[in-house]
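Q: sequence first, then the predicted structure:
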Amino acid sequence: MTSPNRTSSWLRYLHPAAVPPALRGWVLPALILFLWWAGYASGRFTNPLFVSPGKVVDAALELIRTGTLWQALSASLTRDLAGFAIGTLAGLALGTALGLFRLAENIFNPTLNAFKQVSIFAWVPLISLWFGLGDLAKIAFIALAAFWPAFINTLAAVRGVPKELVEVARVLGWNRQQLVRRVVLPAALPGIFSGVYLALIYAWLATLGSEYLLTAGTGIGNLLTDGQEQFRMDYVLLGVILVGLIGYGFTALAGGVERYFTRWQRR
Amino acid sequence: MAHAATLDIRNLGKHYPVSGEPKPVLENISLSIKPGEFVSIVGASGCGKSTLLRLIIGLEQDYQGEIALDGQRITGTSLNRGIVFQEHRLFPWLTVEQNVGLGLLNSEQTPAQRQKAIQEHIDLVGLKGFEGAYPYQLSGGMSQRVAIARALVNRPEVLLLDEPFGALDALTRNYLQQELQRIWEQEGITMILVTHDVEEAVYLGDRIVVMQPRPGRIKRIVDVPLARPRDRGSYDFAAIKEDVLQEFGDGKLVADLALRRPDPLTAGEWHFAW
């Protein structure tokens, strides 16, 4: 038997190891795209809901030309970032306060723990009654979604600061402010970043959710629902691809920022 | 050279509450340490030797009796006492230089003086050239050197060492013991070393305080009247080591020692193999 490495067959070019490491992540998308196109080109799928990759590109070009795409994209991104900023800042502030002050923790934590159990979708009726179906309601929903991971991770990170390092600060005679600035915050930073990172992802998921649930206005979510209602599969697919790409972009960005700020960590 | 202080411990006792009852950890400890002296404290785990150091540094309070530095009762931490823990406890997000500088955060020196003090202490522990390295880039022995530099950069009167080389391999440990002795001679300060390594205690100490557990008490104080640098292979060195090890030969102490060394038969080999 020959080992797969030795074989000189053309099949080895299909082996994932034949692709440079940096490009291996593209193998699967390229394969899916190829199968999609091949399925279309074979002419065996006649259902009008099966559209070709080219049709999706056409839809994108058309929506770019009419300005609809840009409008939807900017509306979604604006409310996503607004909700993310509000929710994350609140989460960071409350998490830090509760992590640092026993009294604050005693007062707030039981209530927050109870609220945490409520699914964020259960808030939708309340939010729409209070804030309507417009941007304000959507941003409130997104902020709520971003708040929890930011809050929970910040609290855990601040509480989990190594006792050993706090003792060093005591031995060196630092005051509380020095302790927080020089021990607690840097030591908690990786944990806080995991929270912000999750908040960014949750906020983007919630952006789409808010556009489905609170239907007034424009956005990528509306592009998807409109496409669904009009049986425009090309719009639907374009929306799905855009949502995925933006989510991927956020993840990459957050990962880069996190790596920069925690570059002292052993990798 | 820093001023070295006299440390007076009189009738010291310490209790911890265990399920509501105060349980004695230290009982009736009396010890007077002269300026510039090197005292080793040995004892099996659970004899309260680390608690004793934590009381002297000021991380633990509420004790009975008296701990006084130059006549001043110790009531909390102070920059005139430094400590090196078993783990290096460096801040992983700071470089060697920044870690050493932590000790000077509240000092009244000018930035230039601080920089000079930091550099001097990095040189003192032999880490010139590693100023910009992060802790994850250092070996265990190097990290412990940085911890020593950080503890010394304030020029404390007393340096406490809580099993500082316990986690290092035998070769590194021997080398750092020599280095510590050099630093002690160079700085002329008082040092108190807690260890469970009897050879380390004999190699470094002017006196060896042998403690016994439950509750922690001083069993015996052994003088080490040997000239430095000490020869670990000499007859006198071996005799003192043997003498101290004898103290571990009875009752509870040996049980704890056996916990560290699973096979009691190797204990004999172990103590002649140095």
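A: Thanks, I have the structure now. Small disclaimer: the values here were computed from a predicted structure and weren't measured. Residues are numbered from 1 along each chain as shown, chains lettered A, B, ... in the order given.
Q: name the element the residue lying closest to A:L81 once chain neighbours are set aside belongs to?
A: Distances taken as CB to CB, 6 or more residues apart in numbering or on different chains put A:A203 closest to A:L81, at 8.0 Å, once the chain neighbours are dropped. Heads up, the C-betas are built off the backbone N, CA and C, glycines and all. A:A203 belongs to helix A:185-213 when assigned by DSSP states H and E.
Q: give me the contact list for the helix or strand just after that helix.
A: Remark: after helix A:185-213, the chain's next helix or strand is helix A:220-229, criterion DSSP H and E. For helix A:220-229, contacts defined as CB atoms under 8 Å, 6 or more residues apart in numbering or on different chains pick out A:63, A:68-69, A:72-73, A:76, A:207-212, A:215, A:232-236, A:238-240, A:242-243, A:246.
Q: which of these fall within helices?
A: Of the contacts of helix A:220-229, the ones assigned to helices by DSSP state H are A:63, A:68-69, A:72-73, A:76, A:207-212, A:233-236, A:238-240, A:242-243, A:246.
Q: output stretch B:200-210 as PDB, nothing but the C-alphas.
A: Output in PDB follows, covering the C-alpha atoms of stretch B:200-210 (Å, rounded to 0.1, in the frame of the first residue of the first chain):
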ATOM      1  CA  GLU B 200      19.600  25.200  51.700                       C
ATOM      2  CA  ALA B 201      19.000  26.300  55.300                       C
ATOM      3  CA  VAL B 202      22.500  25.200  56.300                       C
ATOM      4  CA  TYR B 203      24.200  26.700  53.200                       C
ATOM      5  CA  LEU B 204      22.700  30.100  53.700                       C
ATOM      6  CA  GLY B 205      21.800  30.600  57.400                       C
ATOM      7  CA  ASP B 206      23.800  32.100  60.300                       C
ATOM      8  CA  ARG B 207      21.200  30.300  62.400                       C
ATOM      9  CA  ILE B 208      18.600  27.700  61.600                       C
ATOM     10  CA  VAL B 209      15.200  27.800  63.400                       C
ATOM     11  CA  VAL B 210      13.700  24.300  63.400                       C
END
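Q: that older thread, what's the PyMOL line that selects buried ones from the contacts of helix A:220-229?
A: Of the contacts of helix A:220-229, the buried ones can be selected in PyMOL as follows, counting by 16 or more other CB atoms under 10 Å in any protein chain shown:
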select buried, chain A and resi 63+69+72+73+76+207+208+209+210+211+232+233+234+235+236+238+239+242+243+246
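Q: looking at this, B:R220 is in a helix?
A: No: B:R220 is assigned strand when assessed by DSSP: H, G, I helix; E, B strand; the rest coil, not a helix.
Q: that one bridge partners, please.
A: On the basis of DSSP bridges, B:R220 is bridged to B:V210.
Q: burial of it, as a residue count?
A: 13 (other CB atoms under 10 Å in any protein chain shown).
Q: and it, how close does it get to A:D135?
A: 79 Å (CB to CB, to the nearest Å).
Q: swap in B:T172?
A: For B:T172 relative to A:D135 (CB to CB), the value is 63 Å.
Q: and those two? Which one has more around it.
A: A:D135 (19 against 16).
Q: residues of the stretch 151-267 of chain A that sit close to chain B?
A: A:164-165, A:167-168, A:170-174, A:178, A:182-183, A:186-187, A:189, A:262, A:264-266 (CB under 8 Å from any CB of the partner chain).
Q: for the record, mean pLDDT for stretch A:197-215?
A: Confidence over stretch A:197-215 (mean pLDDT, whole number) is 89.
Q: CA atoms only: put it into PDB for me.
A: The C-alpha coordinates for stretch A:197-215 follow below in PDB (Å, rounded to 0.1, in the frame of the first residue of the first chain):
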ATOM      1  CA  TYR A 197     -16.000  40.100  21.800                       C
ATOM      2  CA  LEU A 198     -19.100  38.200  22.600                       C
ATOM      3  CA  ALA A 199     -21.100  41.400  22.900                       C
ATOM      4  CA  LEU A 200     -20.000  42.400  19.400                       C
ATOM      5  CA  ILE A 201     -21.300  39.100  18.000                       C
ATOM      6  CA  TYR A 202     -24.500  39.100  20.100                       C
ATOM      7  CA  ALA A 203     -25.200  42.700  19.000                       C
ATOM      8  CA  TRP A 204     -24.900  41.700  15.400                       C
ATOM      9  CA  LEU A 205     -27.200  38.700  15.900                       C
ATOM     10  CA  ALA A 206     -29.600  41.000  17.800                       C
ATOM     11  CA  THR A 207     -29.500  43.500  15.000                       C
ATOM     12  CA  LEU A 208     -30.900  41.000  12.600                       C
ATOM     13  CA  GLY A 209     -33.400  39.800  15.200                       C
ATOM     14  CA  SER A 210     -34.600  43.300  15.900                       C
ATOM     15  CA  GLU A 211     -35.200  43.900  12.200                       C
ATOM     16  CA  TYR A 212     -37.300  40.700  12.000                       C
ATOM     17  CA  LEU A 213     -39.200  41.400  15.200                       C
ATOM     18  CA  LEU A 214     -39.600  45.200  15.000                       C
ATOM     19  CA  THR A 215     -40.300  45.400  11.300                       C
END
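Q: for A:T68, give me its contacts.
A: If you count contacts by CB under 8 Å, 6+ apart, then A:T68 has A:L223 around it.
Q: please tell me how far it sits from B:P229.
A: Distance check for A:T68 against B:P229: by CB to CB, it reads 84 Å.
Q: could you say which helix or strand holds B:L55?
A: With DSSP H and E as the criterion, B:L55 is inside helix B:49-57.
Q: in what helix or strand does the residue in the stretch 1-150 of chain A positioned nearest to chain B lie?
A: Residue nearest to chain B within the stretch 1-150 of chain A: A:T96 (17.5 Å; CB to the nearest CB). According to DSSP H and E, A:T96 maps onto helix A:68-100.
Q: would you map the strands across chain B?
A: Taking DSSP state E to define them, one finds strands in chain B at B:7-18, B:21-33, B:38-42, B:64-69, B:72-73, B:81-84, B:158-162, B:190-195, B:207-212, B:217-223.
Q: would you mark the buried spots in the second one?
A: Right, strand B:21-33. Result for strand B:21-33 [16+ other CB under 10 Å]: buried residues B:P24, B:V25, B:L26, B:E27, B:I29, B:L31, B:I33.
Q: what's the answer for stretch A:75-88, then?
A: A:75-77, A:79-88.
Q: can you put these in CSV and add distance to A:Q228 and pLDDT?
A: Compiled in CSV, these are given as follows (distance: CB to CB, whole Å; pLDDT from 0 to 100):
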residue, distance to A:Q228, pLDDT
A:A75, 18, 91
A:S76, 17, 92
A:L77, 22, 93
A:R79, 21, 93
A:D80, 21, 94
A:L81, 26, 94
A:A82, 26, 95
A:G83, 24, 95
A:F84, 26, 95
A:A85, 30, 96
A:I86, 30, 96
A:G87, 28, 96
A:T88, 31, 96
